[in-house]
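J.: show me the folded form of this:
(one chain, ligands or ions: 1)
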Amino acid sequence: MDSTPPDLFAQEARTLADARAAHAQAGAGTAAREALGELIAGYERLLRETRRLVQRSDRAEREMTQINQRLQELAAELEYRATHDPLTGVLNRAAIIDLVNRLCKTHELSLIVLDIDHFKRVNDSFGHPMGDRVLMKVVDCLRQVMPANASLGRVGGEEFTIALPGRDPEASLRIAHAVCHAIEANEVGLPDGSRVTASLGLSWLPRGGSFDEAYGLADQALYSAKRAGRNRVARAEPRPRVLRA
Ligand SMILES: Nc1nc2c(ncn2[C@@H]2O[C@H](COP(=O)(O)OP(=O)(O)OP(=O)(O)O)[C@@H](O)[C@H]2O)c(=O)[nH]1
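T.: The predicted structure is shown next:
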């Protein structure tokens, strides 16, 4: 198939060819022939200049399209960097807080706060890069067990939060236990073969809550789980739903 673009000035080129032919046939030395010759030269110059301007504007349009595309890519990259944790790729603190606050307006919501147990020991015994590796492995594991509509964020060094919108307290508790077991069963490859475990605090709020409220309750529960021996789930008393009369 011919991919050459149609000549925008085909009509003008034909007119010029006709004028050249008329010029060739006009009687030599006549004023009309001379005037036609000047007209043809001027028309040729105009046509050449117009073609050049059109080419330049086409090139500028292509460059603008490329710049626009690059700008869109950069904006998406910037948005991603502003909302994600660079190490693990999960939502960062500000982004998960924002998301939970939005979800709370329309959903009842459970919040899990998860803290890796004795994580300092991992860093101290095997070095910071191994600590980073454990964080990434834990996130991989969480992604595998979390329900599809759950959201995961990193709220602190070795502390993550999972938002579970639209789940009742019992279903959320089952998910929290599944998460806790999955982390314990996960092979993270520590040099001494030891397991990594986590403690989890769980809170549940009816629609209309906030991140601060859900996090405060889950954090207290997490503290209880740590005090009770770690590698377990503790939950805050679910705040009762307000039922319409
Ligand atoms: N490798 C690595 N370590 C981190 C990162 N952020 C925080 N930490 C470390 O996480 C550790 C947290 O330790 P602690 O708050 O004492 O808690 P813990 O040792 O997990 O003890 P418990 O929570 O009581 O079970 C500290 O050693 C921090 O340096 C990180 O991005 N990478």
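J.: can stretch 99-117 be found next to the ligand?
T.: Yes: Stretch 99-117 is in contact with the ligand by Cβ under 6 Å from any ligand atom, via 115-117. In short, each C-beta sits where N, CA and C put it, glycine included.
J.: and of those residues, the nearest to the ligand?
T.: Asp117 (4.2 Å; Cβ to the nearest ligand atom).
J.: doesn't Ala228 make contact with the closest one?
T.: No: applying Cβ atoms under 8 Å as the test, Asp117 and Ala228 come out as separate, 11.9 Å apart.
J.: contacts made by the helix or strand containing Asp18 with the rest, please.
T.: For Asp18, the element it lies in under DSSP states H and E is helix 10-25. Helix 10-25 has contacts (Cβ atoms under 8 Å, 6 or more residues apart in numbering) with 7, 33, 36-37, 39-40, 43-44, 47.
J.: correct me if wrong, but Gly29 is in a strand.
T.: No: remark: Gly29 does not belong to a strand; assigned using DSSP: H, G, I helix; E, B strand; the rest coil, it is coil.
J.: ok, then the element right after the helix or strand bottoming out on mean pLDDT in the chain?
T.: Counting by mean pLDDT, DSSP states H and E, the chain has its least confident helix or strand at helix 10-25, which shows a mean of 92. Next in sequence after helix 10-25, counting helices and strands by DSSP H and E, comes helix 31-83.
J.: so the residue most central in space within the chain versus Leu71, what's the distance?
T.: Centroid check for the chain by Cα atoms, centre = their mean gives Tyr80 as the closest residue, at 4.4 Å. Per Cβ to Cβ, to the nearest Å, Tyr80 is found 15 Å from Leu71.
J.: before we move on, what about Ala28?
T.: The spacing between Ala28 and Leu71, counted by Cβ to Cβ, is 61 Å.
J.: and for Gly42?
T.: Distance from Gly42 to Leu71, by Cβ to Cβ: 43 Å.
J.: assign Leu114 to helix, strand or coil.
T.: Under three-state DSSP, Leu114 comes out as strand.
J.: and Asp117 and Ala228? which has more neighbours close in?
T.: The neighbour count for Asp117 versus Ala228, taken as other Cβ atoms under 10 Å, is higher for Asp117 (20 against 12).
J.: how about that one: what's its closest non-neighbour residue?
T.: Nearest non-adjacent residue to Asp117, counting by Cβ to Cβ, 6 or more residues apart in numbering: Arg230, 4.3 Å away.
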